[in-house]
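Novice: structure for the following, please:
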Amino acid sequence: MSMATSPPRGLRANAMGLFGDWVAGIATVAPSSSVAFTLALMISFAGLSSPFAVLVVGFGMLFVAVGYARLNHWRPNAGAPFVWVGAVVRPWLGFAVGFGAILGMLFANIGNIALAGSYLISVIAPGYRPSSLLVWIVSAALLAIVVALAIRGVRPSIRVQMALLVLEYAIVVLFVILALVYELSGHHPGAHAPSWRMFTPALALGGWKGIAAAAVPIAFLYLGWESTLVLSEETTQSHVNPGRAAILGTSFLILWYTLLTVVFQGVASPHAIIAHGTDVLAYAGTVLLPGPLERLLPIAVFVAVFGTTQLQLIASSRVVWAMARDKLLPDFLASLSQHQAPLWASLILGAIPALALIPYLVSTSANTAIGDVISAAGLWYLFMYAVIAFTSVWFYRHALFANARFFLGSGLVPVVGGLMMVVALIYGLMTQSAAIAWVGGLTILVCLVLGGLYALLSRHPYFRQPRMVYQPPEDAGFARQAQR
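Specialist: Numbers count the residues shown, from 1 in each chain. This is a model prediction of the structure:
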C-alpha cells in the first residue's frame, strides 16, 4: 500500500509550524514541575547515578518517538493512537488505545489542576494553609482559563505556551547557574559538584538494580511528549513536522532533564533532597536565593503545571473529536467552535477534573483513591508507547530490509524502544504500591475488554476495516525513497 491521503480537515489547517509542534511537545511534559515532583524519588533509588538513569530511559523514549514519527509520516490524524493501531493491528485494539489515551490525559489533568491551584496559592501567600474550598475555587478558575484558550484554537494556545516557556526557562536557567556556582565553590556542607561518575551505575543504590528501580518514576518524567502527533491536522507539512517535533522534543528533554538532575541533586545531600519530596525545587530555591526571590522556582513550577494542563486538554480533546468524527463516540463531541477547535470535547474534558477535584479535596479516602488512579495512568502510557512502537514496525515490515537506514528507523530503533517500555511497565507493576499496580493493570485490562466488547457488539464499519501494511514500490528507486 502506498502513502494514504490525509483525512478531511475540520480543524484549522496550517495553524502552526515545526516550532509550534516542538513547543506543544515540550510544554505537555512540563519539565520543571516533572523534576520537582520526581527528583527525590529517583535519588532514593538511583542515588547520585540518577543522571545515568535519566539518559537510559530518555533514549528509550526517543526510540519510541521514532516509531511515532514513522506512523505520522504514513497517516497524520488527530486521532493518531486509535487510527494507527486500529488500521494496522486490530480495530478493537485501536479503540482500546484511543480510549485509554483519553483516560490517561484526563487523569493526569486531575492531578495537574490540583497542583496548579495549590502552587499558585503558595506563590501568592507562602506558608498559608488554604482550605479545600479555596484550592477548588482557584483550580476551577484556572481550568476555566484553560478551556477558554482551548476553544479559541491551537494557535493562541501555542502563543500562550511560548510566553510561559520563556518565563519558566528564564527562571530555571538562573537557578541552574546559581546552583553550579554554589556547588563548585566547595564551601557548602552536603553540596557536591557534577562528576562523570554520575553517568555510570557506580553511585546507584544497588548498582544496576537501583537504576532499574529508578526507571519507572523516570519514565513518568517524560510522559506527554507525544501530544504533538495529535495536532498533525493543524500543522504545516503534516506528514513530516509532528514526527520531527516529537524526535527533536524528546532529544531536548533528554539533555534538559539530565542537566537539571545533575545540577539540582547537588545542592544538598541526598538525604536532604529525599526529605523534601515533591517540594525539592522550592527547597533548592531557599538554599540558592533566600529571601523573597526564593519564590521564583515555585513560580516556574506553577507555570509548567499550568502549561501541561492546557496542552493535555488540547491533546485529549483532539482524540475525542477524532473518535466522534469517525462515529465511535456521540456525534455532538465532533462539534467545532467558531475557531475550528473541538467545542464540546473541550468543555466536558475541562469540567470533569473540576468535578473530580471536589471528592479529591474533601475526603482523605477519595484523595488516596484518585491519587492512585493518577499515578497508575503512567503505567497505561508505558503500555500505549509499547503498542504504538510495535505497530510502527509491523506496518513497515515488508520494507525493513530495503536498506540499513530503513531497517534502523522503521525496525530496530522502534523495537528497542517498545521493549524498553515493556520492561518498565512490568517492573512498574512489580515495584509500585499494590494499589497503583492493581489500578494500572485493571485500567489496561478494562480498556482492552471494552475495545473487544465494542467490536463484538457493534456493526460499525471501523471494526470491519481491512488491516493495512506498507508495500514498497518494486523499482530501483525505492532505496532513495526509503532514505527520505
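
Novice: wait, isn't Ala212 in contact with Tyr427?
Specialist: Yes - counting by C-beta atoms under 8 Å, Ala212 does reach Tyr427; the two are 6.1 Å apart. Heads up, the C-betas are built off the backbone N, CA and C, glycines and all.

Novice: comparing these two, which shows the higher neighbour count?
Specialist: Ala212 (20 against 16; other C-beta atoms under 10 Å).

Novice: give me the local confidence score for that one.
Specialist: For Ala212, the pLDDT comes out at 81.

Novice: list the buried ones in stretch 312-332?
Specialist: 312-326, 328-329 (16 or more other C-beta atoms under 10 Å).

Novice: stretch 141-150 too?
Specialist: Buried residues in stretch 141-150, counted by 16+ other C-beta under 10 Å: Leu142, Leu143, Val146, Val147, Leu149, Ala150.

Novice: list the contacts for the third one?
Specialist: It refers to Val146. Phe306, Thr309, Gln310, Leu313, Gly350 (C-beta atoms under 8 Å, 6 or more residues apart in numbering).

Novice: state the distance from it to Thr228.
Specialist: Note on Val146: its distance to Thr228, by C-beta to C-beta, to the nearest Å, is 18 Å.

Novice: also the first one?
Specialist: As defined by C-beta to C-beta, Leu142 lies at a distance of 23 Å from Thr228.

Novice: what's the helix or strand harbouring Trp438 packed up against?
Specialist: Assigned by DSSP states H and E, Trp438 belongs to helix 434-457. Using 3 or more C-beta pairs under 8 Å, 6 or more residues apart in numbering; DSSP states H and E, the elements in contact with helix 434-457 are helix 91-124, helix 364-395, helix 413-431.

Novice: what comes into contact with stretch 321-329?
Specialist: Applying C-beta under 8 Å, 6+ apart, the contact partners of stretch 321-329 are 10-11, 77-79, 82-83, 95, 98-99, 102, 230, 320, 330-334, 336, 342, 345, 460, 462.

Novice: in contact with the residue nearest to the spatial centre of the chain, which residues are there?
Specialist: What sits nearest the mean C-alpha location of the chain, by C-alpha atoms, centre = their mean, is Gly224, with 1.2 Å. With contact taken as C-beta under 8 Å, 6+ apart, Gly224 is in contact with Gly25, Thr28, Val29, Ala30, Ala108, Thr308, Leu311, Gln312.

Novice: from Val305, how far out is the fourth one?
Specialist: If I follow you right, that is Ala30. As defined by C-beta to C-beta, Ala30 lies at a distance of 6 Å from Val305.

Novice: so what sits against both of those two?
Specialist: In contact with both Ala30 and Val305: Asn112, using C-beta under 8 Å, 6+ apart.

Novice: count of residues packed around Trp394?
Specialist: The burial count for Trp394: 15, using other C-beta under 10 Å.

Novice: okay, it and Tyr68: tell me how far apart.
Specialist: Trp394 is 14 Å from Tyr68, by C-beta to C-beta.

Novice: again, but for Pro242
Specialist: Pro242 is 8 Å from Tyr68, by C-beta to C-beta.

Novice: just to revisit the earlier point, mind giving me the PyMOL select for the contacts of stretch 321-329, buried ones only?
Specialist: Only the buried members of those enter the following PyMOL selection, criterion being 16+ other C-beta under 10 Å:
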select buried, resi 10+11+77+78+79+82+83+95+98+99+102+230+320+333+334+336+342+345+462
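
Novice: among the contacts of stretch 321-329, which ones are in helices?
Specialist: Among the contacts of stretch 321-329, the ones falling in helices (DSSP state H) are Phe82, Val83, Phe95, Gly98, Phe99, Ile102, Val320, Ala345.

Novice: what residues are up against the spatially closest residue to the third one that is not a sequence neighbour?
Specialist: Once flanking residues are discounted, Phe95 sits nearest to Gly451: 4.2 Å by C-beta to C-beta, 6 or more residues apart in numbering. When contacts are counted by C-beta under 8 Å, 6+ apart, Gly451 is found next to Trp92, Leu93, Gly94, Phe95, Ala96, Val97, Phe99.

Novice: ok, so of those residues, who is nearest Gly58?
Specialist: Val97 (23.1 Å; C-beta to C-beta).

Novice: residues near the closest one, how many?
Specialist: When neighbours are counted by other C-beta under 10 Å, Val97 comes out with 28.

Novice: my guess is it contacts Gly79. True?
Specialist: No - applying C-beta under 8 Å, one finds Val97 not in contact with Gly79, separated by 10.1 Å.

Novice: related to what we said a few turns ago, now render the ones in helices among the contacts of stretch 321-329 as a markdown table, adding pLDDT and distance to Ala40.
Specialist: Formatted as a markdown table, the ones in helices among the contacts of stretch 321-329 follow (pLDDT from 0 to 100; distance: C-beta to C-beta, whole Å):
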| residue | pLDDT | distance to Ala40 |
| --- | --- | --- |
| Phe82 | 94 | 36 |
| Val83 | 95 | 39 |
| Phe95 | 96 | 38 |
| Gly98 | 95 | 34 |
| Phe99 | 94 | 33 |
| Ile102 | 94 | 30 |
| Val320 | 97 | 35 |
| Ala345 | 96 | 36 |
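
Novice: CSV for those, including distance to Val216?
Specialist: Formatted as CSV, those follow (distance: C-beta to C-beta, whole Å):
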residue, distance to Val216
Phe82, 26
Val83, 29
Phe95, 27
Gly98, 25
Phe99, 24
Ile102, 23
Val320, 29
Ala345, 31
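
Novice: counting contacts, what elements does the helix or strand containing Met42 pack onto?
Specialist: In this structure, Met42 sits in helix 31-46 according to DSSP H and E. Where contact means 3+ C-beta pairs under 8 Å, 6+ apart, helix 31-46 is packed against helix 50-74, helix 208-222, helix 241-264, helix 270-275, helix 280-288, helix 296-325.

Novice: rerun at 10 Å
Specialist: With contacts defined as 3 or more C-beta pairs under 10 Å, 6 or more residues apart in numbering; DSSP states H and E, helix 31-46 has these neighbours: helix 50-74, helix 91-124, helix 154-185, helix 208-222, helix 241-264, helix 270-275, helix 280-288, helix 296-325.

Novice: measure how it sits relative to helix 91-124, angle-wise.
Specialist: Counting by axes from the mean of the first three to the mean of the last three C-alpha atoms, to 10 degrees, helix 31-46 points 100 degrees away from the direction of helix 91-124.
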